[in-house]
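Colleague: Structural data only, the sequence is not supplied:
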């Protein structure tokens, strides 16, 4: 196996408090695919208070792509990890942090 590390970052401004943004970003539901305009299905299984497994199937170009992801949240720090366990980006780790930016924004 060849391991490659690619780092990148992005920033997204939210016009809501950091707590509201964090709650929205980590509120995984079966309807998430439709919110993104993607045909698919999502199942979730809570492993512990701060950890869940998402089981996603999408159908880009009519072909099924299955991904299983481990999500770990830390509400106190407003951070969460998304680790791909299966699928085309297997072993990828995504780290997110919601940062307060003034009154009611993040």
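Modeller: It's in. Not measured: the values here are computed from a predicted model. Residues are numbered from 1 along each chain as shown.
Colleague: List the contacts of residue 100.
Modeller: The neighbourhood of residue 100, defined by Cβ atoms under 8 Å, 6 or more residues apart in numbering, consists of 17-18, 106. Just so you know, the C-beta spots here come from the backbone N, C-alpha and C atoms, and that holds for glycine as well.
Colleague: Do you have the helices of this structure handy? List them.
Modeller: 18-25, 32-35 (DSSP state H).
Colleague: Could you dump the ones you listed into TSV with distance to residue 81, mean pLDDT and mean neighbour count added?
Modeller: Putting those into TSV (distance: least, Cβ to Cβ, whole Å; pLDDT from 0 to 100; neighbours: other Cβ atoms under 10 Å) gives the following:
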stretch	distance to residue 81	mean pLDDT	mean neighbour count
helix 18-25	12	95	16
helix 32-35	17	87	14
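Colleague: hang on, the earlier thing: just name the closest of the contacts of residue 100 to residue 58, please.
Modeller: Set against residue 58, the nearest of the contacts of residue 100 by Cβ to Cβ is residue 106 (27.9 Å).
Colleague: Quick check: that closest one touching residue 11?
Modeller: No: applying Cβ atoms under 8 Å as the test, residue 106 and residue 11 come out as separate, 10.7 Å apart.
Colleague: The two - which one has more neighbours?
Modeller: residue 106 (20 against 5; other Cβ atoms under 10 Å).
Colleague: And the closest residue to that one other than its chain neighbours, how far from residue 95?
Modeller: In this structure, residue 106 finds its nearest non-sequential neighbour in residue 18, 3.9 Å apart by Cβ to Cβ, 6 or more residues apart in numbering. From residue 18 across to residue 95, the span is 16 Å (Cβ to Cβ, to the nearest Å).
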